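Enquirer: okay, sequence plus prediction incoming.
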Amino acid sequence: MTDFYDIDRANARLPELREVLEQLRSQRLELITLRDRLVAARRRTQAPGEGRTLVDEALGEASSTEPGSATPDSPRVLDARIRAVIDQMEAAVARLDGWSVQLRDIEQGLADFPALVNGRQVWLCWQLGEDEIHFWHDLSSGFGGRRPLVELS
């Protein structure tokens with residue numbers, strides 16, 4: 001069952017929502033960094049020569065890490081760190097779901113609150129950086145269809 005918000009209740013939820021969305025945004029960036037490090041680590045361990053990278057081969061140097069070792073940049077450690085960040089993000093999204101808040105975009109910090117206006121379901125639309133809810137849109141339009149609250153009747 002959907003939990004509907006009015007403007008005051010949605011605005012009261014914003015401090016908690018802001019915290020969760022900022023956390024998700026930060027975790028998204030961390031996930032991208034970890035992914036890039038994992039790609040680089042896999043390239044190092046898949047290069048020609050036992051435990052040597054292509055650069056090592058070209059320079060005639062031995063690799064400082066053996067494949068499968070548990071260094072901070074080993075694929076195994078990075079995989080575990082990625083899984084941990086994903087688990088934290090899933091928990092944050094579950095928290096939003098528990099509030100009946102729809103996450104629309106992590107990078108933009110965009111979320112919608114379900115509302116009922118004169119028997120019609122709409123979304124109260126909010127984005128990180130906004131001080132309170134100023135916009136809404138109907139169910140079939142997204143962010144591009146945002147309209148000022150004064151037009152809501």
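Expert: Cool, got the structure. Numbers count the residues shown, from 1 in each chain.
Enquirer: I'd like the mean pLDDT over the helix or strand hosting residue 17, please.
Expert: With elements delineated by DSSP states H and E, residue 17 resides in helix 7-45, which encompasses its position. Helix 7-45 carries an average pLDDT of 95.
Enquirer: in it, what's buried?
Expert: When neighbours are counted by 16 or more other C-beta atoms under 10 Å, the buried residues of helix 7-45 are found to be 7, 10-11, 13-14, 17-18, 20-21, 24-25, 27, 31, 34, 37-38, 41, 44-45. Every C-beta, even on glycine, is put in place using the N, C-alpha and C of the backbone.
Enquirer: with stretch 83-102 instead?
Expert: In stretch 83-102, residues buried by neighbour count (16+ other C-beta under 10 Å) are 85, 89, 92, 96, 99, 101.
Enquirer: can you check stretch 145-153 too?
Expert: Within stretch 145-153, the residues that qualify as buried are 146, 152, counting by 16+ other C-beta under 10 Å.
Enquirer: tell me the mean pLDDT over it?
Expert: Stretch 145-153 shows a mean pLDDT of 89 in the predicted model.
Enquirer: show the end-to-end separation of stretch 140-150, please.
Expert: 19 Å (C-alpha to C-alpha, to the nearest Å).
Enquirer: show residues contacting that stretch.
Expert: Counting by C-beta atoms under 8 Å, 6 or more residues apart in numbering, stretch 140-150 makes contact with 7, 104-105, 108, 110, 124-125, 127, 133-138, all of which sit outside it.
Enquirer: ranges for the strands of this protein?
Expert: 102-105, 110-117, 120-127, 135-138, 147-148 (DSSP state E).
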